[in-house]
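Student: one predicted model, sequence on top.
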Amino acid sequence: MAAGRRTRRAPEPLRWLARMIRNFVLVISGVPVQLAGLAALALPWLIPRFVPVGFWLVLLTLTMSAVLVLLVRVPLTFIERHRCWSVLGIDIPPPPAAPGGSLPQRFRASLRSEVTWRQLAYHLVVGPVLAMGGVLVLVMLAGGIELAATYGYARLPGQAGDALSAPKAEAIATLAGVALLLLTPVAATLVAWLDRKAMTALLGPSRSVELERRVETLSQSRAGVVDAADAERRRIERDLHDGAQQRLVSLAMNLGIARESLTDLPDEARQVIAAAHDEAKEALAELRNLVRGLHPAVLDDRGLDAALSGIAARAPLPVSLAVRMPHRASPTVEAVAYFVVSECLANIARHAKARHAAIDVRRDGQRLFVQVTDDGVGGADPARGTGLASLAQRARSVDGTLRIDSPQGGPTVVTVELPCES
């Protein structure tokens, strides 16, 4: 099988020529659009046989100009964004959509919006200046071509020479035209660079809005990843529970039946069956713990209260539990709360030397508070690798917080606060 072809890059002169063409197209195509804002502003003053004389007529004309500019800024902004995309391949994100409501309400909202004033700054100030730069580039291009052709044009058949077309003057004009043609791409590049920077800064969302949008996008992406991971854990738990766990149960039952019924076998065979039966039961217990650690089925079926009651009953020390949740939280938040409590109880059993632990779970509005307390030796420190750092990370995955109060000598109080949208 042939190896994949490598993409051949165009030679540097061709790529430079392509960049110059894009710059020229951007600069020249921007001239009429960038002057359209000023044209809209001046249009009411150019109505034939209309002379705004007097305070009210002048005020009316100014109002018409302002309204016209506000109306044309939206299509002009769209054209500028499309021009930047089609020529340079740069996508300028659209500004946030204006809030709904009646026409006067939307008009007042647009006047208060920072987006409106940045767009007006481009169409009425920056754009016309850039248009003058584009006109200058056109003049330099046309003038450079005309001057560069002077020497050759003067020597065409039928052209009569004069004092101004002396060889020395013709040579100077031709050199000046060549120099002007060499400077024209530089001017076009500069104007195109300024235009790109101005469009990006004034016609797109502001930096603060863009940062807010990115934060929102990242939060949504993170929430999607957390939900997907939780759904995957649920799927694995179901597959293990309905597949491997059922097979192990059947195997353990068959080995138990064989152990009790096949009494006439040699002692060596019965010992092998007994050992296999014990191994199957241990494997089944380990698999049940693994399935419970992935995602307990009781959490989905009966909620956080029943799931926490189960781990409190299995704890190696007395645990008191209080759950006050009039309404269930989202499955992802309930899973986070469950695993936080489970890990806290495991840490207490391994490190705290406690005689008693208490779990308090309550929902207050749109927040879920989980508090785990023990009367152990204290001194819990996330930096010492006791699993508390992973608990904080798990809480942060759903925009929650974790606080630890563990002085030397105890008691240790771990408080977790989680968003609780149902």
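Tutor: Arrived safely.
Student: hmm, residue 73 is touching residue 119, no?
Tutor: Yes: taking contacts as CB atoms under 8 Å, residue 73 lies within contact range of residue 119: 5.0 Å. C-beta: built from backbone N, CA, C; applies to glycine.
Student: neighbour-wise, which of those two wins?
Tutor: More crowded of residue 73 and residue 119, by other CB atoms under 10 Å: residue 119, with 25 against 22.
Student: ok, now how distant is the more buried one from residue 35?
Tutor: Counting by CB to CB, to the nearest Å, the gap from residue 119 to residue 35 is 16 Å.
Student: how about residue 261?
Tutor: For residue 261, the distance to residue 35 equals 99 Å [CB to CB].
Student: who has more neighbours, those two?
Tutor: Between residue 261 and residue 35, residue 35 has the larger neighbour count (other CB under 10 Å), namely 18 against 9.
Student: and the more buried one, its phi and psi?
Tutor: Backbone torsions of residue 35, given as degrees, to the nearest 10, read phi -90, psi -10.
Student: any regions of the stretch 1-150 of the chain where pLDDT drops low?
Tutor: Along the stretch 1-150 of the chain, segments meeting pLDDT under 70 span 1-10, 50-53, 96-103, 106-107.
Student: which strand or helix spans residue 300?
Tutor: Applying DSSP states H and E as the criterion places residue 300 in helix 297-302.
Student: could you do residue 378 as well?
Tutor: Here residue 378 is assigned to no helix or strand, by DSSP H and E.
Student: ditto for residue 192
Tutor: Judged by DSSP H and E, residue 192 forms part of helix 167-202.
Student: mind giving me the packing neighbours of that helix?
Tutor: helix 12-42, helix 55-88, helix 114-121, helix 127-148, helix 150-154 (3 or more CB pairs under 8 Å, 6 or more residues apart in numbering; DSSP states H and E).
Student: could you dump those helices into TSV and include distance to residue 205?
Tutor: Listed next are the helices and strands packed on helix 167-202 as TSV, based on distance: least, CB to CB, whole Å:
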stretch	distance to residue 205
helix 12-42	20
helix 55-88	12
helix 114-121	7
helix 127-148	19
helix 150-154	50
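Student: and the gap between residue 187 and residue 176?
Tutor: Using CB to CB, we find residue 187 at a distance of 15 Å from residue 176.
Student: more neighbours, those two?
Tutor: residue 187 (19 against 15).
Student: who's in contact with the more buried one?
Tutor: Applying CB atoms under 8 Å, 6 or more residues apart in numbering, we find residue 187 in contact with 133, 136-137, 140.
Student: name the member of these with the most neighbours.
Tutor: Neighbour max across those (other CB under 10 Å) = residue 137, 25 neighbours.
Student: hmm, residue 26 and that residue touching each other?
Tutor: No: look at residue 137 against residue 26 with CB under 8 Å: they stay out of range, at 10.4 Å.
Student: anything in contact with each of these two?
Tutor: With CB under 8 Å, 6+ apart applied, the contact sets of residue 137 and residue 26 do not overlap.
Student: before we move on, the earlier item: ok, then the element right after the helix holding residue 300?
Tutor: helix 304-314.
Student: so what secondary structure elements neighbour that next one?
Tutor: For helix 304-314, the contact count by 3+ CB pairs under 8 Å, 6+ apart identifies helix 297-302, strand 319-324, helix 331-347, strand 357-364 as packing neighbours.
Student: between these, which gets nearest to residue 200?
Tutor: Across the helices and strands packed on helix 304-314, residue 200 has its closest neighbour in helix 331-347 (37.5 Å, CB to CB).
Student: tell me which of the helices and strands packed on helix 304-314 lies nearest to residue 146.
Tutor: Once the helices and strands packed on helix 304-314 are compared by CB to CB, helix 331-347 is nearest, at 71.5 Å.
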